[in-house]
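Peer 1: 3D, please:
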Amino acid sequence: ETVLSLAPRAYINGLRLGNTLVSSAPNISLPYNQNTISFDFVALSFTDEDLVRYSYLLENFESDWSQPSTERTTRFTNLPAGQYKFLVKARSSSGLWSEPEALLVEILPPYWQTTWFRLLLLFSTVTLIAGIFSWRVRRLNYHHNQRIETLTQLLESIRVINSKLDLQLVLQNIVSESANLVGGEAGGIGLIKENKLVFEHVWYKDHWEKTTLEFPLNQGIAGIVAATGQTIIVNDPMQDSRVIYPILIKKYNLQGFMDVPIYNRDRKVIGVLDIRLKANRVAFNLADTRLVESLAEQAAVAIENAELYGSLAEKNLMIIESLKEIEKLYSNEVTRRLQELNNKLKEVNELKTNFMIVTSHEMRTPLTVLKGYHEILLDLQPENLSAPQKRALQICQRTIERLINIVNDILEMLRIEEKRINLKITSFNLP
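Peer 2: Residues are numbered from 1 along each chain as shown. Next up is the predicted model:
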């Protein structure tokens, strides 16, 4: 009776991987890829061993004990990473249960599920985002600085162009500055005369070659640009059917070129700016076109100033010649008085001529430069300007534009005086 009242005692023989008994130690650690395991267990009973029943539980994987059975082994497959506690107990034929026997098992996680790997991944991600952000900021700063540098160079080119009043020097400066602006080579400027585009000077090797190169409007690349007012880029002149002087392509060794129209203030084409492609430079692109077109707009102003200066100088020379003729006709006292009067008239005429020249040239050039710098401040740094600063800049810009309009009005009056603009008188009804 005493023997029957004793409960059996459960033992865990060990843990198996496949058919291999790994260990019977109380604590076992396994890598993540050995997560299919079996447990062998047995119970000691002094009576009726065949009637002993077993029940087991794997904590953290199961919540209930298994149904009692005579099986002395159990198998678990695809266990996730974590810590488990295997418990087994035995029941005798008289219904007495033994104390549970325990075995601790830990399935180690794969490296990508470990804390250190996640921290490393987080650090790498943050570093990558910071690197991309830093690269983006540097990229934006680079483009910002490039734009400022380009605008500064453009304004400097405008200043150089307007520094001369001789028409031929002005034309040569325009071509040279335009070529430097886009890393090209100077070609020349043709002006429209009697329905033809005429180039009087063309860059050849290392000097300006005097020539007379004519393009009928709408013929040849330059003639088409003059007729349509559209910029044309040619990257392979020898294969372009619009070229009408193929011999010049060979003479000047043209790898490519860009022809840009020059508009006056009335949006009428007055000439064509030709820039050549250097041998070691990539083909011209849209950004190059925009830069040269911006400079071409200022080039038209410089050309008008030079032509006006030439006209005034010619008129002044005619007046001087006329006065010389008058001096030859009279040698008496009347002649002396007339000479005094003529000298006064000459002084007045020179004052008027100098005033017009200074007004059209010395005022217009700095006003144009000031306007450009104000546009840079308003366009490139709007977020860094306070409202009063922005309002002050806008007032300055409007004042500059008003001064430019006044200078333009003076030039119009001078053109009317020289009869370069014909007034058409018409009648109309007042409202």
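Peer 1: Helices of the protein, residue ranges please.
Peer 2: 115-161, 167-182, 220-228, 246-251, 286-329, 333-358, 364-380, 387-417 (DSSP state H).
Peer 1: JSON lines for those helices, including distance to Asp266?
Peer 2: From N, CA and C alone the C-beta is placed, and that goes for glycine too. Below are these laid out as JSON lines (distance: least, Cβ to Cβ, whole Å):
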{"stretch": "helix 115-161", "distance to Asp266": "20"}
{"stretch": "helix 167-182", "distance to Asp266": "19"}
{"stretch": "helix 220-228", "distance to Asp266": "16"}
{"stretch": "helix 246-251", "distance to Asp266": "32"}
{"stretch": "helix 286-329", "distance to Asp266": "10"}
{"stretch": "helix 333-358", "distance to Asp266": "21"}
{"stretch": "helix 364-380", "distance to Asp266": "17"}
{"stretch": "helix 387-417", "distance to Asp266": "11"}
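Peer 1: who wins for proximity to Ala10 among those?
Peer 2: Closest to Ala10 of the helices of the chain is helix 115-161 (Cβ to Cβ; 36.4 Å).
Peer 1: Mean confidence (pLDDT) on the closest one, please.
Peer 2: Taken as a whole, helix 115-161 carries a mean pLDDT of 76.
Peer 1: Adding mean neighbour count and distance to Phe86, write the helices of the chain out as CSV.
Peer 2: Converted to CSV, those look like this (neighbours: other Cβ atoms under 10 Å; distance: least, Cβ to Cβ, whole Å):
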stretch, mean neighbour count, distance to Phe86
helix 115-161, 12, 26
helix 167-182, 21, 80
helix 220-228, 22, 90
helix 246-251, 12, 91
helix 286-329, 16, 73
helix 333-358, 13, 105
helix 364-380, 16, 73
helix 387-417, 13, 75
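Peer 1: Report how many residues lie close to the nearest residue to Tyr54 once chain neighbours are set aside.
Peer 2: Distance criterion Cβ to Cβ, 6 or more residues apart in numbering; nearest residue to Tyr54, sequence neighbours excluded, is Ala90 at 5.5 Å. Ala90 is surrounded by 26 other residues when neighbours are defined as other Cβ atoms under 10 Å.
Peer 1: So Ala90 sits against Leu6, correct?
Peer 2: No: the pair Ala90 and Leu6 fails to qualify as a contact (Cβ atoms under 8 Å) at a distance of 11.7 Å.
Peer 1: give the contact list for the residue nearest to Tyr54.
Peer 2: Ala7, Pro8, Arg9, Ala10, Ala43, Ser45, Val52, Arg53, Tyr54, Trp97, Ser98 (Cβ atoms under 8 Å, 6 or more residues apart in numbering).
Peer 1: let's see 7 Å
Peer 2: Pro8, Ala10, Ala43, Val52, Tyr54, Ser98 (Cβ atoms under 7 Å, 6 or more residues apart in numbering).
Peer 1: same question, Gly18
Peer 2: Taking Cβ under 7 Å, 6+ apart, one finds nothing in contact with Gly18.
Peer 1: With the one 4 residues further on instead?
Peer 2: Taking Cβ under 7 Å, 6+ apart as the contact definition, Val22 lies against Gly14, Leu15, Arg16, Ile28.
Peer 1: Thr114: which of the contacts of Ala90 is nearest?
Peer 2: Distance ranking of the contacts of Ala90 against Thr114, using Cβ to Cβ, places Ala10 first at 35.0 Å.
Peer 1: Next one, pLDDT for that closest one please.
Peer 2: The per-residue pLDDT reported for Ala10 equals 88.
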